[in-house]
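> sharing a model prediction with you, sequence too.
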Amino acid sequence: MSAAPKPKVLLRAKSLVEPDVHNPFSFKLQLTLCDKLKVAILSVTLFPVRLLCLFFLLIVASVIGKLTTLCMKKEEEPEPLSGYRRIMRKPLRGIARAMLFCMGFHWVKVKGKLSSSEEAPILTVAPHSSFIDALALSVICLPSGVSRKENDSIPLVGGCIRALQPVYVSRTDPDSRKKTISEIKRRASSGGKWPHVVIFPEGTCTNRKCLITFKPGAFYTGVPVQAVALKYPNRLDTVTWTWSGPSGLTLLWLTLCQFHNYLEIEILPVYKPDTEEIHDGKLYARNVREQVARFLNVPVTEHTYEDTRLMVQASQQNQPSMTGLVEYQKISSKLSMKMDTMKELLDKFAEIDANRDGLVDINEFAKYLSLPVTSHVKHLFTLYDRDDSGFINFREYLIGLALVSQPANSEEAMKLAFQVFDMNGDGRVDEAELRHILQSAYPSITDLNINCLFNQVDVNHSGSVTFEEFRDFALLHPEYAFLFTHYTKEQTETTGESSHSNHEHPQTAAKA
């Protein structure tokens with residue numbers, strides 16, 4: 001039987017197509033011979049001077065930060081700085097700008113007008129691509145932010161953070177998210193007494209080729225926001241800091257070895273949420289992202305920080321890190337699949353991918369199933385292989401399990417399949433029955449494959465398989481569900497045709 005054509009025209013394909021930018025967490029720095037010579041010379045001339053200046057400015061900022069909050073009482077912390085404390089904090093903005101200057105950002109182009117913190121309490125900065133982004137904001141204001149409480153103890157930097165009075169979050173407090181939203185709302189209703197709260201809604205650094213999912217946390221406040229877009233239009237990009245790419249120290253060194261670095265800040269109009277957005281933080285976040293994406297003329301994808309967690313796990317399994325890129329937000333929401341499930345399936349995918357190249361071909365797929373490469377296996381493979389590349393990546397594997405195999409894995413379908421396998425009707429399937437079925441469906445299957453498959457199903461090693469064992473195996477290995485139900489359907493149709501033929505034969509004889 002020839003393999004059935006792959007049904008590519010499906011409504012689901014429109015919502016699960018590959019993103020325009022497959023990997024926003026990767027950046028490759030390429031230096032020309034001229035660049036390397038310049039870096040070599042400036043590494044022993046300009047670099048040490050700039051580094052010493054940065055260190056000196058950081059010490060000064062730390063001292064000012066500590067003096068600003070010196071002897072601050074606990075009851076004063078929920079209120080904005082006032083009096084001499086507010087005055088002492090002001091130099092921090094100038095110091096931050098001086099640090100930018102030392103890094104080669106001698107002049108910065110600013111477009112747009114920054115609104116007051118009363119009109120737009122939150123600044124959303126995107127795309128987030130560098131450790132320089134936070135310093136870049138000193139050109140337009142001195143905002144507070146959202147920070148972990150542990151960051152207060154970081155040497156030199158901790159004092160500066162405390163002086164900025166960030167909204168603190170805690171990983172150990174289950175109510176931290178609600179408290180953060182409540183605190184931002186409280187500051188927003190202060191009539192402009194608090195500075196802007198700056199957030200990086202992407203939650204991680206990207207290569208600026210797209211905008212990934214905006215985390216909705218700060219958008220649940222329902223207050224107006226003002227988006228700030230950062231651009232680094234340098235010929236040699238030494239600032240992009242991604243999960244896969246040069247380290248932060250390498251980028252700092254190369255940045256300090258450039259005569260001049262360019263930075264552009266675009267301040268977009270204030271975005272005021274409508275009633276629907278006020279009650280739907282995710283919708284609000286998506287619409288603000290669309291505003292920034294249209295302005296920057298870049299695509300949007302549904303990648304999130306969680307994708308990088310899957311990339312880490314893929315690397316730990318000696319697979320290419322890109323294997324873990326699935327557009328977590330899209331796959332999670334549309335397929336109702338949680339992170340723990342994806343991690344388990346990534347382990348399983350690594351087991352199927354024998355050569356650890358991040359792709360599964362038809363031979364690896366069939367070997368995992370302990371079946372020969374037949375028309376049925378090829379048909380199942382093509383249903384998983386959404387782009388007809390001849391390979392299944394992890395993203396396609398997740399979609400295939402959810403849309404192809406699991407729908408065929410119902411209790412009713414499993415009962416019907418078990419009845420077909422249970423040839424003598426005793427409620428159990430032994431290896432001989434399994435061999436008869438598999439050899440009729442897959443003539444080229446070997447006894448070794450049959451024995452291997454039977455031992456996987458017969459977990460109790462009793463020599464026969466109950467329906468419960470059969471069902472549990474299908475739930476753990478949903479790839480088989482499609483093959484089981486497909487074979488069951490063929491057998492049912494064959495039985496029906498045979499029965500129909502037997503009913504017709506006596507009538508024909510009588511007429512004769």
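Okay, I see it. Numbering: from 1, shown residues only.

> which stretches of this structure form strands?
109-111, 122-126, 146-148, 167-169, 197-199, 225-231, 264-271, 429-430, 464-465 (DSSP state E).

> wait, which of those is closest to residue 301?
strand 122-126 (12.9 Å; Cβ to Cβ). (Glycine included, C-beta is placed from N, CA and C.)

> so for the closest one, mean pLDDT?
In this model, strand 122-126 carries a mean pLDDT of 96.

> could you check the angle strand 264-271 makes with it?
Per axes from the mean of the first three to the mean of the last three Cα atoms, to 10 degrees, the angle that strand 122-126 makes with strand 264-271 is 140 degrees.

> now the nearest residue to residue 142 once chain neighbours are set aside: how far from residue 82?
In space, and not counting its chain neighbours, residue 142 is closest to residue 93: 4.0 Å by Cβ to Cβ, 6 or more residues apart in numbering. Distance, residue 93 to residue 82, by Cβ to Cβ, to the nearest Å: 17 Å.

> swap in residue 370?
73 Å.

> which one's more surrounded, those two?
residue 370 (19 against 10; other Cβ atoms under 10 Å).

> phi and psi next, for residue 175.
phi -100, psi 10 (degrees, to the nearest 10).

> and it, how many neighbours?
Neighbours of residue 175 (other Cβ under 10 Å): 9.

> report pLDDT for it.
At residue 175, pLDDT is 84.

> and the gap between it and residue 183?
For residue 175 relative to residue 183 (Cβ to Cβ), the value is 12 Å.

> how about low-confidence regions in this structure?
1-15, 407-409, 441, 486-512 (pLDDT under 70).

> for the residue nearest the centre of it, give its distance to residue 173.
Closest residue to the average C-alpha location of the chain: residue 307 at 2.8 Å, with Cα atoms, centre = their mean. Separation of residue 307 from residue 173 (Cβ to Cβ): 26 Å.

> what's the neighbour count on the residue lying closest to residue 393 once chain neighbours are set aside?
Setting aside the residues directly before and after it, residue 393 is nearest to residue 359 in space (Cβ to Cβ, 6+ apart), at 5.8 Å. Other residues near residue 359 come to 18 when the count uses other Cβ under 10 Å.

> now residue 359: how far from residue 256?
In terms of Cβ to Cβ, residue 359 sits 40 Å off from residue 256.

> now render the strands of the chain as TSV, adding mean neighbour count.
Formatted as TSV, those follow (neighbours: other Cβ atoms under 10 Å):
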stretch	mean neighbour count
strand 109-111	13
strand 122-126	25
strand 146-148	16
strand 167-169	18
strand 197-199	24
strand 225-231	22
strand 264-271	17
strand 429-430	22
strand 464-465	21
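
> tell me which stretches of the stretch 101-250 of the chain form helices.
133-136, 157-163, 176-188, 248-256 (DSSP state H, counting those that start in this stretch).

> nearest to residue 268, of those helices?
By Cβ to Cβ (comparing all of the helices of the stretch 101-250 of the chain), the closest turns out to be helix 133-136, at 15.4 Å.

> pull the CA atoms of that closest one into PDB?
Extracted in PDB, the C-alpha atoms of helix 133-136 (Å, rounded to 0.1, in the frame of the first residue of the first chain):
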ATOM      1  CA  ASP A 133      20.400  49.000  28.000                       C
ATOM      2  CA  ALA A 134      20.000  50.000  31.600                       C
ATOM      3  CA  LEU A 135      22.700  52.600  31.400                       C
ATOM      4  CA  ALA A 136      21.300  53.900  28.100                       C
END
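
> residues in contact with it: which ones?
96, 99-100, 103, 105, 108, 125, 145, 198, 200, 230, 263, 265 (Cβ atoms under 8 Å, 6 or more residues apart in numbering).

> also stretch 174-193?
80, 116-118, 121-122, 146, 167-170, 173, 194, 197, 217-218, 220-223.

> apply 10 Å and report the result again.
78-82, 116-122, 144, 146, 148-149, 165-170, 173, 194-197, 199, 217-224, 281 (Cβ atoms under 10 Å, 6 or more residues apart in numbering).

> ok, stretch 52-62 next?
91-92, 94-99, 101-103, 154-160, 163, 252, 256.

> what about 7 Å?
92, 95, 98, 99, 102, 156, 159, 160 (Cβ atoms under 7 Å, 6 or more residues apart in numbering).

> next, count neighbours for the fourth one.
I take that to be residue 99. Count around residue 99 with other Cβ under 10 Å applied: 20.

> which residue is the nearest non-sequential neighbour of it?
That would be residue 57: by Cβ to Cβ, 6+ apart, it lies 5.1 Å from residue 99.

> could you count how many residues lie near the one you found?
There are 18 residues near residue 57, going by other Cβ under 10 Å.

> ok, now how distant is it from residue 261?
Residue 57 is 17 Å from residue 261, by Cβ to Cβ.

> can you check residue 105 too?
5 Å.

> can you count the residues close to residue 253?
For residue 253, using other Cβ under 10 Å, the count is 17.

> which residues touch it?
Per Cβ under 7 Å, 6+ apart, neighbours of residue 253: residue 47.

> one more: the one 3 residues further on?
Taking Cβ under 7 Å, 6+ apart as the contact definition, residue 256 lies against 47, 50, 51, 103.

> which non-adjacent residue is nearest the first one?
Right, residue 47. Closest to residue 47 by Cβ to Cβ, 6+ apart is residue 256, at 5.0 Å.

> in contact with residue 106, which residues?
For residue 106, counting by Cβ under 7 Å, 6+ apart, the contacting residues are residue 260.

> how about 10 Å then?
Here residue 106 is in contact with 100, 259, 260, 261, 262, 263 (Cβ under 10 Å, 6+ apart).

> one step back: let's have the strands of the chain in TSV, adding distance to residue 247.
Compiled in TSV, these are given as follows (distance: least, Cβ to Cβ, whole Å):
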stretch	distance to residue 247
strand 109-111	28
strand 122-126	23
strand 146-148	22
strand 167-169	26
strand 197-199	25
strand 225-231	21
strand 264-271	25
strand 429-430	56
strand 464-465	53
